[in-house]
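# Okay, sequence plus prediction incoming.
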Amino acid sequence: MRIQLAKIAHARSGDKGDTANVGLIAFRDEVYPLLVREVTAARVKEHFKGICKGDVERFELPNLGALNFLLHESLGGGGTLSLMTDAQGKTFSTALLRLEIDVPENEARDLGLA
């Protein structure tokens, strides 16, 4: 089954220059391994295609049940240089939460997602 990240996590985002920083935090500890498995740097890069021109780095924060992503070259030069509507990357968190992941039925049921 397909599950939108917004149903299992929340997110925060911001910027540093031309790099957007997006934190993805599981609502429950049991869901964190699912995020680690399914929300890869490559998957995030694909989700932000056309926006993120550089690499995507992923950092795991298991003690927080969170993943942190750096999306390089995604803000048109940054807040002081860009003509983008969101040159500080504040809406990137909402955009990431729209990503859908595949979860096997039995796993979704075990996690209380089905």
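Sure thing, it's come through.

# So the residue positioned nearest the centre of the chain versus Pro104, what's the distance?
Geometric centre of the chain, nearest residue: Leu96, 4.4 Å, by CA atoms, centre = their mean. Between Leu96 and Pro104 the distance is 22 Å, computed by CB to CB, to the nearest Å. The C-beta positions use only the backbone N, C-alpha and C, and glycine is treated the same way.

# for Asp55, same thing?
Noted for Asp55: a distance of 30 Å to Pro104, by CB to CB.

# Give me the number of neighbouring residues for His10.
By the criterion of other CB atoms under 10 Å, His10 has 14 neighbours.

# Now do the helix or strand it falls within: distance to the chain's middle.
Secondary structure from DSSP states H and E places His10 in strand 9-16. In terms of CA atoms, centre = their mean, to the nearest Å, the centre of strand 9-16 is found 8 Å from the chain centre.

# now the strands: where do they sit in the chain?
2-4, 9-16, 19-26, 56-61, 66-71, 100-102 (DSSP state E).

# bridging residues for the residue lying closest to Glu100 once chain neighbours are set aside?
Computed as CB to CB, 6 or more residues apart in numbering, the closest residue to Glu100 that is not its neighbour in sequence is Arg2, at 4.6 Å. Arg2 has these beta-bridge partners by DSSP bridges: Asp102.

# residue contacts, Arg2?
By CB atoms under 8 Å, 6 or more residues apart in numbering, the contact list for Arg2 reads Glu100, Ile101, Asp102, Val103.

# if I look at Gly50, how far off is Arg109?
Distance from Gly50 to Arg109, by CB to CB: 36 Å.

# more neighbours, these two?
Set Gly50 next to Arg109 and count neighbours by other CB under 10 Å: Arg109 wins out with 12 against 6.

# Tell me the pLDDT of that one.
Arg109 is assigned 92 on the pLDDT scale.

# And it, how far from Val103?
10 Å.
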